[in-house]
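[1] return atomic coordinates for the entry below.
(one chain, ligands or ions: 1)
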Amino acid sequence: MQTLKVASIQNQPKFGNIGGNLHDLIGLLPAECDLAVLPELCATGYQYRDRDELRSMAEVIDPGQEPGPITSRLTEIAMASGTTIIAGVAELVRGRSEKVFNSSVLIRPDGTRDIYRKIHLFLDEKKLFDAGDLGFSVVEACGIKVGMMICFDWIFPEAARTLALMGAQVIAHPSNLVLPWCPEAMITRSLENRVFTVTANRIGREMRTDSPLEFIGLSQVVSPGGCILSRLGNNETGAATASINIVETDKKITAANDLFADRRPEFYR
Ligand code: ACM
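    Residues are numbered from 1 along each chain as shown. Below you'll find the predicted structure:
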């Protein structure tokens with residue numbers, strides 16, 4: 001039996017106040033936590049006015065290179081606390097054709113890291129970010145298999161399904177949700193894939209363009225059986241924590257049904 005303590009962190013960042021936002025996020029991390037998921041673009045805020053502004057706050061997170069300040073600080077915290085941290089960060093990729101991705105970085109307590117680049121961009125993100133080019137992947141962390149997706153990826157069931165088929169037991173889901181449906185939809189994503197999902201959202205408003213955004217909170221941890229193990233409200237910061245047992249991600253649904261062995265992909269076209 002393998003139980004872990006997981007947490008979904010819900011913050012209210014002030015746009016551009018990276019130091020203050022990081023301080024608040026770190027203050028929300030529970031003690032003795034195995035895996036903590038932080039929101040999308042968790043330390044910068046979400047509503048960049050243009051690509052230049054985004055670029056000025058984006059940082060290197062690629063595992064082969066020296067990371068930027070947000071990733072460095074979170075690495076210090078992961079190493080000191082023993083918590084694997086997954087956080088949404090604007091990722092700068094330098095080169096002949098520079099790119100900026102809406103990414104998440106998974107940081108282990110030994111300082112190693114893996115990244116995911118958001119594949120399904122939402123609304124104005126299409127004007128600001130480059131679309132993710134790495135595909136989905138599942139990595140080992142804190143003794144389990146973790147897959148990452150970001151916010152709007154939720155509306156494409158293929159995202160969670162792909163991660164589950166790759167072996168994910170927990171899907172870490174940094175988010176900045178504005179549409180109302182995701183928290184309920186993630187119950188189905190958990191159930192139909194028999195995985196734990198940890199959705200970390202933010203609260204508050206941003207009015208930096210002529211399209212104000214209101215973030216819906218409701219950060220949560222959902223079990224493979226579709227139970228909401230922990231959920232925050234839509235106007236509070238904090239940590240939604242849960243003790244999870246990885247055995248529950250077994251794909252056997254009944255004595256005669258295995259979720260993956262029973263698939264009939266030849267009819268799914
Ligand atoms: C979103 O993908 N941030 C809604």
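[2] the ligand contacts on this protein?
    For the chain, the residues in contact with the ligand (Cβ under 6 Å from any ligand atom) are 40, 122, 151, 152, 176, 177, 178. Quick note: C-beta positions are derived from backbone N, CA and C, even for glycine.
[3] which one (most neighbours) among those?
    When neighbours are counted by other Cβ atoms under 10 Å, residue 151 leads the residues of the chain next to the ligand with 29 neighbours.
[4] quick one, phi/psi of that residue?
    Here the main-chain torsion angles of residue 151 (degrees, to the nearest 10) amount to phi 30, psi -110.
[5] so what's the residue count around the residue lying closest to it once chain neighbours are set aside?
    Among residues not flanking residue 151 along the chain, residue 175 sits closest, at 4.0 Å (Cβ to Cβ, 6 or more residues apart in numbering). By the criterion of other Cβ under 10 Å, residue 175 has 30 neighbours.
[6] just checking, residue 175 touches residue 203?
    No - counting by Cβ atoms under 8 Å, residue 203 is not a contact partner of residue 175; they are 11.6 Å apart.
[7] pull the CA atoms of stretch 84-104 into PDB?
    What follows is the C-alpha trace of stretch 84-104 in PDB, where atoms were taken according to Å, rounded to 0.1, in the frame of the first residue of the first chain:
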ATOM      1  CA  THR A  84       8.000  17.400  -5.000                       C
ATOM      2  CA  ILE A  85       6.700  20.700  -6.400                       C
ATOM      3  CA  ILE A  86       4.900  21.200  -9.700                       C
ATOM      4  CA  ALA A  87       4.400  24.800 -10.700                       C
ATOM      5  CA  GLY A  88       3.200  26.800 -13.700                       C
ATOM      6  CA  VAL A  89       5.900  29.000 -15.100                       C
ATOM      7  CA  ALA A  90       6.300  31.100 -18.300                       C
ATOM      8  CA  GLU A  91       9.200  29.400 -20.000                       C
ATOM      9  CA  LEU A  92      11.800  31.200 -22.100                       C
ATOM     10  CA  VAL A  93      13.600  29.100 -24.700                       C
ATOM     11  CA  ARG A  94      16.500  31.200 -26.200                       C
ATOM     12  CA  GLY A  95      17.900  30.500 -29.600                       C
ATOM     13  CA  ARG A  96      17.700  31.600 -33.100                       C
ATOM     14  CA  SER A  97      13.900  31.600 -33.000                       C
ATOM     15  CA  GLU A  98      13.200  32.400 -29.400                       C
ATOM     16  CA  LYS A  99      10.100  30.800 -27.900                       C
ATOM     17  CA  VAL A 100       7.900  31.400 -24.800                       C
ATOM     18  CA  PHE A 101       5.800  28.500 -23.600                       C
ATOM     19  CA  ASN A 102       3.100  28.300 -20.900                       C
ATOM     20  CA  SER A 103       4.800  25.500 -19.000                       C
ATOM     21  CA  SER A 104       4.900  23.600 -15.800                       C
END
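[8] alpha carbons only: can I get stretch 198-206 in CSV?
    What follows is stretch 198-206 as a C-alpha-only set of coordinates in CSV (Å, rounded to 0.1, in the frame of the first residue of the first chain):
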residue,chain,number,x,y,z
VAL,A,198,-4.8,17.5,-8.5
THR,A,199,-6.1,20.8,-10.0
ALA,A,200,-4.5,23.9,-8.5
ASN,A,201,-6.2,27.2,-9.4
ARG,A,202,-6.0,30.8,-8.3
ILE,A,203,-8.6,33.4,-7.2
GLY,A,204,-9.0,37.1,-7.7
ARG,A,205,-9.4,39.3,-10.8
GLU,A,206,-7.1,40.7,-13.4
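[9] for that stretch, buried residues please.
    For stretch 198-206, the buried set under the neighbour-count rule, 16 or more other Cβ atoms under 10 Å, comprises 198, 199, 200, 201, 202, 203, 204, 206.
[10] got it, and stretch 54-69?
    54, 57, 58, 59, 61, 62, 67, 68.
[11] same question for stretch 240-259.
    Buried residues in stretch 240-259, defined by neighbour count with 16+ other Cβ under 10 Å: 240, 241, 242, 244, 246, 249, 259.
[12] just flag the most distant two among those residues.
    241 and 259 (27.0 Å; Cβ to Cβ).
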